[in-house]
Every structure is written in structure tokens, then in C-alpha cells.
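Chemist: Based on what follows, work out the 3D shape:
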Amino acid sequence: MIMWGRSMAYRMAAAVPFPLMGWDVDEDINYGWMRRIASSTLLQFMQHPEFLQDSVPTLGFYGAFEPAVQIYSCRASVYWMGKLFMGLLVPEDSPFWTATENNGAWDNAFEADQVYNKFQPGSEILITNYPNIGASEVRSWCHERVADDWQKFRSTENYNRLAYNTEFHWQADGANGEVAMNYLFLNDKQEWEAFRLYDFQKFEKGIYYRDVVLETNEEWAMNLADIPLPNGILRVDRQLSPQTVQMRLGHYALPDLGHGIEVSSREVKGHSVTILDNGSHQLAMVPLLGWGQTEVVSAEGLHPISEKSKVLVVTGTYEPETNSNPIYATLMLWKKSGESWSDEELLPVEVSPSLIILRKSS
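Modeler: Have a look, this model is predicted:
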């Protein structure tokens, strides 16, 4: 189950439509895949060591996680997850129970070194599948002001991330510029403020386009372009602000799983690459155009998986009077731990001051 949206404490309740599909008999439905999704979502939480505290499910995602708790949440809210067990009402001779569990498209349709996009026109959501890492990712858009958000969650990390990934759960923003999968700007109050006022533009030729403005100063604006690649994301964003701005862009964050997080760097064709490795996954950040430097930012209490985490953040100052090129381009890449990186994987593009070209294999 992806960590995205409101009411995360309900957890596996989100999977209940899959068993309920067993009331219908449709030869076009892969019931074994539906059951695999439902049972895997159940086990995702039931087998996690921090799921229960004093034999009661915690308010959070795995363990307790305050940034994901809504103002309407209470101790009993977690039992909403029990809705998944409504699937047990489906007759035992239903194809949902009799079919052999399988991984569906992940086994018979998705190929390695490819990326698969599925755009939903009604909701303007882009769903991306990455066979190389076995992850799915969601891109959407929200336009919710903190000043108008009386429920205090629609304008938060639950919705305002640039993307949401099944392998990399979102990390909350910190007061000192900690940010994951979003932009931060140093606003007029000298506070780091995240983007949250997005407007979808189009999905065309594999590129997801959004425009965004800063809530406290709508002259601080950007055009955003996300290009999913087999091993990550290419971002090519345009700065539109008429004033000098200080900004930060964060990759996904990695939790410390008890063995620390290794940091390494290398140079590929004149581009600096910084890599994090927590023993489970690797994340690489490659600034291509516009950015100043890459920082490794440590955080505490902001990640749903562990108390300590790290995130790669690129930083920059945009000065419209002196910056002739307003483009800020970045590669945000990933791999499983133990896998090596080729230069072609770390730099799957050709870069010039005015042009970025994807290599054919990408």
C-alpha cells in the first residue's frame, strides 16, 4: 500500500475492493492478482514489528507517526482497517479464493529497463510502474492553502509531494530546511515554505506537466516537468520568479534501518553524483542545470520507518537579473542495495546549457 493521502491509520482497509470483486465473475479479471494485492497489503502491516503497541494498532503507518495523524483521528480510528475483513463474506467458491495467486502484469507484461505510465484523465493522476525496482509511483496535484485548510491535512505532506512511491514513504518537512520530494523556498518570514498550490497542465509524450506558486508569494512560481525513467525521475523545471529566491529540492528520504546510511560520490562527465545507501535501497541525486550544490541532510522524527533518516537536497539561489537560464534540471535516481551503477545509468542524458536529450536506451 502506498503512503499517500488522508487517513493513513486505516491502512489495509484500502484493499477491500479487491476481495469484493469476487462477488462478480468476470473472465477478464485476474482474481489471483487481486488476492495477491489484498493479502500482501494485509501482511505489509500485520507482519511489521511496530504495527502493535500493547496489542493495539498504533496511530501512524507502521509505528506511531504524528505527522500522518489527522485532527479527527482518535484511538479507535485504527479499527477502520477491519473493513478489509469484509472480504471474508465472499463465498468460498468465488474465483477470488479459487484462483492461484500471482503477480499479474509484474510477471507477464512489465519488462526490465522499461518504465510504464498510466494516465487517468478524469483525476489527472499519473501512475508509473518501475519494473527494475518493483515500485509504483503516483503523481497528482493539490491546490490547498494552509490559511484555508481548517482540517489541517489537505495542505500537508499527505498531498503536496511531487510524487509518492511504494518503496520510499514520504518524510515530513522540517523547520531547518529538511525536505523530501518537494521544493522549499525561504519566504519573507525567513521560514522554509513548501510548494502546495499546484495546477495540472497536461500529460504528453511521457512528461507530466504542472505549474505551481508559493502560497505566501504567488509571484514565486515555477513550471514543472516530470519525466519518469527506468531507474528514477528526470526533472526539468523552469523558474518564473521576478525576485531573487533561495530554494531547495529534496529527493525521497531513506530511513536508517539500524546499520547507518552510507554516503558516496563520484563524477560522471563533469556532473557530481551523490549516492545514499541504507542497506535496502540506494538513492542518487545528479544536478544537471541551475543548482549550486548537493547536501546530505540528516533528520530525526520525520520519517515513518525510523527515528533517523537522510535525504539528498540540491540547493540554489535564483537571481533573475543575472541568471540567463531559468531552467533547473535534476536526476533523482534509485536502485536496490548491492547493485552497481554504470555511468550510463547515472547520466542517461546529454546536457547543454539550452538542451537536455535523453539517450535512446532511456
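Chemist: Run a quick check on E101 versus R36, I expect a contact.
Modeler: Yes: contact criterion Cβ atoms under 8 Å: E101 and R36 qualify, at 4.5 Å. Heads up, the C-betas are built off the backbone N, CA and C, glycines and all.
Chemist: quick one, which of these two is more surrounded?
Modeler: R36 (19 against 15; other Cβ atoms under 10 Å).
Chemist: residues touching the more buried one, list them.
Modeler: By Cβ atoms under 8 Å, 6 or more residues apart in numbering, the residues touching R36 are 101-104.
Chemist: for the protein, longest helix please?
Modeler: Counting by DSSP state H, the longest helix found in the chain is helix 31-46.
Chemist: Only the buried residues of that one, if you could.
Modeler: Buried residues in helix 31-46, counted by 16 or more other Cβ atoms under 10 Å: 31-39, 41-42, 44-45.
Chemist: One more: stretch 315-322?
Modeler: 315-316, 318.
Chemist: Can you flag which of those residues belong to helices?
Modeler: Taking DSSP H, every one of those sits outside helices.
Chemist: all helices of the stretch 201-350 of the chain, in order?
Modeler: With DSSP state H, counting those that start in this stretch as the criterion, the stretch 201-350 of the chain has helices at 343-346.
Chemist: domains of this protein?
Modeler: The chain breaks down by automatic domain parsing into domains covering 8-106, 167-358.
Chemist: winner for burial among those?
Modeler: Among those, domain 167-358 has the highest mean neighbour count (mean count of other Cβ atoms under 10 Å), at a mean of 18.
Chemist: Need the CA coordinates for stretch 242-250. CSV is fine.
Modeler: C-alpha atoms of stretch 242-250 as CSV (Å, rounded to 0.1, in the frame of the first residue of the first chain):
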residue,chain,number,x,y,z
PRO,A,242,10.7,38.1,-10.7
GLN,A,243,12.7,38.4,-7.5
THR,A,244,15.7,36.6,-6.0
VAL,A,245,14.7,33.4,-4.3
GLN,A,246,16.6,30.8,-2.2
MET,A,247,15.3,27.3,-2.9
ARG,A,248,15.8,23.6,-2.0
LEU,A,249,14.7,20.4,-3.8
GLY,A,250,14.7,17.1,-2.0
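Chemist: Next, the contact list for G87, please.
Modeler: Shown in contact with G87 (Cβ under 8 Å, 6+ apart): 16, 18-20, 22, 38, 96.
Chemist: so can I have TSV of those showing distance to P49 and pLDDT?
Modeler: Converted to TSV, the contacts of G87 look like this (distance: Cβ to Cβ, whole Å; pLDDT from 0 to 100):
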residue	distance to P49	pLDDT
V16	25	96
F18	26	97
P19	26	97
L20	30	96
G22	31	95
A38	22	97
F96	29	97
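Chemist: ok now do the nearest residue to G258 once chain neighbours are set aside, which residues does it touch?
Modeler: Once flanking residues are discounted, G258 sits nearest to S306: 7.8 Å by Cβ to Cβ, 6 or more residues apart in numbering. Residues near S306 by Cβ under 8 Å, 6+ apart: 255-258.
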